[in-house]
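Can you look at this prediction? I've put the sequence above it.
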Amino acid sequence: MSKILVTGGAGFIGGHTSDLLIEEGHKVVIIDNLSSGLRENINPKAIFYKEGLNNHNKIKEIFEKEKPEIVYHLAAQVNVRKSVENPIEDARINVLSTLNLLELSVKNNIKHFIFASTGGAIYGDAKIPTIEDHQPNPVSPYGCAKLAIEKYLNYYNKVHNLKFTSLRYSNVYGPRQNPKGEAGVITIFFNEMFSGKSPIIFGGLQTRDFVYVKDVARANLLALNDNKSEIYNVGTGKETNIIEIFSKINSFFKDKFQPIYKKKKKGEQERSCLSYEKIKDNLGWVPLVSLNEGLKQVYIWYLEKGNKL
């Protein structure tokens with residue numbers, strides 16, 4: 001068993017991943033500034049530091065004190081629209097803070113650096129389902145930052161022998177997701193419907209590949225077993241358009257909502273869907289939770305939180 005540092009461990013994917021690592025017997029140290037993560041997502045068995053990754057001296061102290069063997073870098077500024085509004089701030093959070101982690105990883109002899117990347121934002125409009133070898137074509141600063149980190153990971157691997165795994169997620173959804181942000185359309189719809197509001201659909205025919213968060217946490221766990229430095233897609237290989245998503249969620253509410261349609265956001269991708277053949281072949285990962293079952297689990301989670309119809 002290993003001592004593992006998880007950045008963003010109070011967040012959506014980070015919380016589920018930390019839980020799974022602890023279930024498997026690993027010791028987990030979480031760094032999170034709680035800007036979007038929640039204390040309730042932090043596993044009580046984890047060591048927790050409330051700290052921003054831009055405080056480089058403090059992060060250095062945590063590395064030296066805790067002496068982790070493996071790093072899961074899951075913290076990020078994840079809002080694509082915010083990255084467009086303020087590319088410099090996005091780079092400060094998503095690039096410079098990551099570079100500091102990579103430098104500390106080399107200096108502290110980290111065995112494996114596992115990075116939360118992105119599929120759609122890196123590939124842009126591409127052949128569906130998209131494979132890892134597709135030429136990257138990011139059309140947002142967020143996608144540019146994720147791709148830049150992958151290039152840095154390759155550098156640190158070649159020059160400093162730092163083993164890495166980069167996981168390019170499709171659109172992750174599930175319990176605990178923050179409704180604020182680009183990727184959380186499912187949570188946004190549930191939030192609005194439980195509040196009695198009709199959701200706004202921008203366009204509606206654009207497709208996304210929705211992958212359940214516990215499947216993603218499992219992919220993160222399996223990355224530990226990889227002996228090589230690789231980039232993997234983590235998706236379902238299935239497209240679903242936003243109108244279909246609304247319809248499926250609306251069925252939980254006896255189809256009582258009528259959506260408000262608005263024009264698709266300028267520059268928004270038409271289609272996004274990832275092939276998972278590579279991670280299946282190398283690590284044995286396949287998505288286990290269907291979209292219908294995943295939506296049902298999110299609905300149940302909302303009810304358990306005290307939301308009422």
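Good, I have the coordinates. Numbers count the residues shown, from 1 in each chain.

Other residues contacting stretch 290-302?
Here stretch 290-302 makes contact (CB atoms under 8 Å, 6 or more residues apart in numbering) with 173-177, 186-187, 190, 194, 210, 212, 236, 238, 240, 248-249, 252, 289. Using the backbone N, CA and C atoms, a C-beta is placed for each residue, glycine as well.

Contacts only, for residue 66.
Taking CB under 8 Å, 6+ apart as the test, what residue 66 contacts is 3, 5, 29, 47.

hey, where'd the helices end up in this protein?
Assigned by DSSP state H, the chain shows helices spanning 12-23, 56-66, 80-85, 87-91, 97-107, 120-123, 141-160, 185-194, 213-222, 242-250, 277-283, 291-304.

deepest of those, which one?
With neighbours defined by mean count of other CB atoms under 10 Å, none of these is more surrounded on average than helix 120-123, at a mean of 27.

And that one, how far out from the chain middle?
Here helix 120-123 shows a centroid-to-chain-centroid distance of 13 Å under the convention CA atoms, centre = their mean, to the nearest Å.

Where does pLDDT dip in the protein?
Within the chain, the segments meeting pLDDT under 70 span 180-183, 267, 308-309.

May I see the domains of it written out as residue ranges?
The chain breaks down by automatic domain parsing into domains covering 3-171+211-234, 175-209+238-274+289-304.

closest to residue 282 out of the ones you listed?
Minimum separation from residue 282 across these (CB to CB) falls at domain 3-171+211-234, 6.7 Å.

ends of the closest one, how far apart?
Taking CA to CA, to the nearest Å, the span from the opening residue of domain 3-171+211-234 to its closing residue is 24 Å.

So what's the residue count around the nearest residue to residue 194 once chain neighbours are set aside?
Excluding the flanking residues, the one nearest residue 194 by CB to CB, 6 or more residues apart in numbering is residue 307, at 4.4 Å. Using other CB atoms under 10 Å, residue 307 has 14 neighbouring residues.

go on, residue 197?
Tallying neighbours of residue 197 according to other CB under 10 Å, which is how burial is gauged here, yields 12.

quick one: contacts for the closest residue to residue 260 other than its chain neighbours?
Taking CB to CB, 6+ apart, and ignoring the residues beside it in sequence, residue 260 has residue 200 as its nearest neighbour in space, at 4.8 Å. By CB under 8 Å, 6+ apart, the contact set of residue 200 is 259, 260, 261, 262.

Next: residue 177.
Contacts were defined as CB under 8 Å, 6+ apart; by that measure residue 177 touches 12, 184, 186, 187, 213, 298.

is it possible to export these to TSV including distance to residue 165?
As requested, those are exported to TSV (distance: CB to CB, whole Å):
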residue	distance to residue 165
12	20
184	25
186	26
187	27
213	18
298	27
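
Not counting residues beside it along the chain, what's closest to residue 39?
Spatially, and ignoring its direct neighbours in sequence, residue 39 is nearest to residue 10 (6.5 Å; CB to CB, 6+ apart).

unless I'm mixing things up, that neighbour is touching residue 41, no?
Yes. Contact between residue 10 and residue 41 holds when scored by CB atoms under 8 Å: they sit 4.9 Å apart.

who's more crowded, these two?
Taking residue 10 and residue 41 together and counting by other CB under 10 Å, residue 10 has the greater number of neighbours (28 against 21).

Look up phi and psi at that one.
Residue 10 adopts backbone torsions of phi -100, psi 0, taken as degrees, to the nearest 10.

same deal with residue 128?
The phi and psi values for residue 128, taken as degrees, to the nearest 10, are phi -110, psi 140.

give the contact list for the residue lying closest to it once chain neighbours are set aside.
Closest residue in space to residue 128, ignoring its immediate chain neighbours: residue 273 at 4.6 Å, by CB to CB, 6+ apart. By CB under 8 Å, 6+ apart, the contact list for residue 273 reads 128, 129, 130, 170, 207, 208, 209, 235, 237, 238, 239.

ditto for residue 198
Contacts of residue 198 were listed using CB under 8 Å, 6+ apart, and they are 192, 257, 258, 259, 260.

Next, format those as a markdown table and append distance to residue 153.
Rendered in a markdown table, the data for these read as follows (distance: CB to CB, whole Å):
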| residue | distance to residue 153 |
| --- | --- |
| 192 | 38 |
| 257 | 43 |
| 258 | 46 |
| 259 | 40 |
| 260 | 42 |
